[in-house]
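S.K.: show me the folded form of this:
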Amino acid sequence: MRMTLPRVKGTALGLLVLLSAALARPALAADPPADVVFEKDVVYGKGGGVELKLDLSRPKASAGRKLPCVLVIHGGGWAGGDKSQHDDITWKFTQAGYVCATVGYRLAPAHQFPAQVHDVKAAVRFLRANAEKYGLDPARLGAVGFSAGAHLSMMLGTMDKDDGLEGDGGSPDQPSKVQAVVAYFGPTDLAATDIPQSVQGILKNFIGGTAAEKPREYRQASPITYVSPGDAPMLLFQGTKDPLVPHTQAYAMVEAMTRYNIPGRVELLIGGGHGWGGADLQRTVESTFAFFDQHLKRTGAAAAGPSAAR
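M.R.: Predicted coordinates for the structure are as follows:
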């Protein structure tokens, strides 16, 4: 399966534009497979006066079944990247028996936190509101993301409506929590003291200030803040030589998941950076599909997983 992950070399990443470019795959020119219905630029809501769009793939022949659904969320330091760079991933998920959407969201600094969280939550609600139209099971939604997209995926798996970051992007009657998460090298605690200096500017661009200036917002923007019993099972992949996201971020999430008995696991890739290839890529991709199959496809998965209504 083709599922290219970004690579970043070195630690001289002070300029946000360098990070955004490193994490953004070019848009693909290839056409979707013949057995996939692919819809481009589906408007799923509105935020800050901006139309929010996703690209959606579903099987041409699903025999009336309600399929599980996975959202794919791009990275780019919350300020770059594009949903179309993952269109091919949605096709692969569809061929594996899923409805799949790659989600666009507002970007910093023009739109700062919590705009990005509001947007991906609106996307989940939209898909649930249109479950009949797209042939998906609203009780079996998952999210996978890369870097900043991994952070947003973890927010979707840990936050409840009462946490107060739903936004007003649309479909307010639907829940926004997902039932399974896979996160590739995503930050879990934005206020951690070992975040590299080269990343501090990126976080300031995203949050609108430093951790010292906006401690409440940094806590609100951290997935680890919301971990509680009944959260979505999570699979985290993290390189131990990542120049942007320290592997201690994964340790912190391990401790939180353990404290609240959240199913899942964290895999450390020894010597891995902010992205990888070769055999490690193939193995982590296979593990991603197996994890979603386990938690979204198996008999009784919807009943056993976290409640979509939370």
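
S.K.: in this protein, which helix or strand is least confident?
M.R.: The helix or strand of the chain with the lowest confidence, counting by mean pLDDT, DSSP states H and E, is helix 16-23 at a mean of 32.

S.K.: partner strands of the helix or strand following that one, with direction?
M.R.: Following helix 16-23 in sequence order, the next helix or strand is strand 36-47 (DSSP states H and E). In the sheet, strand 36-47 lines up against strand 50-59 (antiparallel) (DSSP bridges).

S.K.: so what touches whatever helix or strand comes next after the partner strand?
M.R.: Counting by DSSP H and E, the element after strand 50-59 in chain order, helix or strand, is strand 67-73. Contact with strand 67-73 is made by 58-59, 83, 86, 89-90, 93, 97-103, 105, 120, 123-124, 127, 134-137, 140-146, 149-150, 152-153, 156, 178, 292, 296-297, 301, as judged by CB atoms under 8 Å, 6 or more residues apart in numbering. Where you see a C-beta, it was placed from the backbone N, CA and C, and this is true even at glycine.

S.K.: how about the helices in the chain?
M.R.: 16-23, 87-95, 115-129, 131-134, 148-158, 197-207, 215-220, 248-259, 278-292, 301-304 (DSSP state H).

S.K.: deepest-packed of the ones you listed, please.
M.R.: Highest mean neighbour count among the helices of the chain (mean count of other CB atoms under 10 Å): helix 148-158, with a mean of 28.

S.K.: that one vs helix 197-207, what angle?
M.R.: Angle, helix 148-158 to helix 197-207, by axes from the mean of the first three to the mean of the last three CA atoms, to 10 degrees: 60 degrees.

S.K.: where does the stretch 201-310 of the chain have low pLDDT?
M.R.: Filtered on pLDDT under 70, the stretch 201-310 of the chain yields the residue ranges 299-310.

S.K.: please give me every residue in contact with Val117.
M.R.: For Val117, the contacting residues are 152, 155, 159, 165, 167, 221, by CB under 8 Å, 6+ apart.

S.K.: what separation is there between it and Met154?
M.R.: 11 Å (CB to CB, to the nearest Å).

S.K.: kindly report the same for Asp173.
M.R.: 24 Å.

S.K.: how about Pro196?
M.R.: For Pro196, the distance to Met154 - CB to CB - is 20 Å.

S.K.: would you mind measuring from the residue nearest to Asp242 when sequence neighbours are not counted to Ser222?
M.R.: Of all residues beyond its chain neighbours, the one nearest Asp242 is His274 (4.8 Å), with distances taken as CB to CB, 6 or more residues apart in numbering. Relative to Ser222, His274 is positioned 19 Å away (CB to CB).

S.K.: the more surrounded of the two?
M.R.: His274 (25 against 22; other CB atoms under 10 Å).

S.K.: so what's the backbone phi/psi at the more buried one?
M.R.: phi -90, psi 70 (degrees, to the nearest 10).

S.K.: and Glu213, by the same measure?
M.R.: Torsion angles, degrees, to the nearest 10, at Glu213: phi -80, psi -30.

S.K.: just put the helices of the chain in JSON lines and tack on distance to Gly64.
M.R.: Rendered in JSON lines, the data for the helices of the chain read as follows (distance: least, CB to CB, whole Å):
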{"stretch": "helix 16-23", "distance to Gly64": "39"}
{"stretch": "helix 87-95", "distance to Gly64": "16"}
{"stretch": "helix 115-129", "distance to Gly64": "18"}
{"stretch": "helix 131-134", "distance to Gly64": "11"}
{"stretch": "helix 148-158", "distance to Gly64": "28"}
{"stretch": "helix 197-207", "distance to Gly64": "43"}
{"stretch": "helix 215-220", "distance to Gly64": "42"}
{"stretch": "helix 248-259", "distance to Gly64": "37"}
{"stretch": "helix 278-292", "distance to Gly64": "22"}
{"stretch": "helix 301-304", "distance to Gly64": "17"}
